[in-house]
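>>> Okay, here's the prediction I keep looking at, along with the sequence it came from:
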Amino acid sequence: MIIVFLYFQEPITKYYNWDGFILDERQLIPTATETWAGIRVVADAVIERAHRKIARINGTNRISKIPARRDTVKQQYRFGNGSTGSCYDLRHACKRWVQEKESICQTVPIFMREQCAYSCGHC
């Protein structure tokens, strides 16, 4: 089954914010987490509705279980050669972010650990 949905959220920026965000750095991750939780609820509802429709078309009352969420799987990090178990930066801008603001790995720890493991020294 293919579900085609696009969700795009662009934060409103002000010209005088160097990083492009109005939110304080401490609010970015909680806001993003809450947004993702909302998207997940919608996606789960769409999948469940599709399963019900398929069951109705097939003439059965049996609805197969929705697969377990992928966020329960521990993320594997890679470094340079891409070998599993090592780590690397998911974003090309990580090195620049750390150069521009050395404390960013401490001020936004969860995001930076997940997205910029190499630049923040988590390898």
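Structure's in. What do you need? Numbering: from 1, shown residues only.

>>> make it CA atoms for all contacts and neighbour counts henceforth
Fine.

>>> How is the chain divided into domains?
1-73, 74-123 (automatic domain parsing).

>>> Pick out the shakiest of those domains, pLDDT-wise.
Note on those: domain 1-73 shows the lowest mean pLDDT, a mean of 69.

>>> Let me know the next secondary structure element after the longest helix anywhere in the chain.
Identified as the longest helix of the chain according to DSSP state H is helix 25-58. Next helix or strand after helix 25-58 toward the C-terminus (DSSP states H and E): helix 94-100.

>>> Which strands and helices lie in contact with whichever helix or strand comes after that following helix?
Once the chain leaves helix 94-100, the next helix or strand it forms, by DSSP H and E, is helix 104-107. For helix 104-107, the packing partners by 3 or more C-alpha pairs under 8 Å, 6 or more residues apart in numbering; DSSP states H and E come out as helix 94-100, helix 109-115.

>>> who touches helix 104-107?
Applying C-alpha atoms under 8 Å, 6 or more residues apart in numbering, the contact partners of helix 104-107 are E25, R26, W97, V98, M112, R113, C120.

>>> and the third one, how many residues sit next to it?
For W97, the number of neighbouring residues by other C-alpha atoms under 10 Å comes to 17.

>>> ok, it - contacts?
Per C-alpha under 8 Å, 6+ apart, neighbours of W97: I104.

>>> Can you tell me how far it is from C116?
To C116, W97 is 9 Å away according to C-alpha to C-alpha, to the nearest Å.

>>> And for C94, nearest residue in space, chain neighbours not counted?
C116 (5.5 Å; C-alpha to C-alpha, 6 or more residues apart in numbering).
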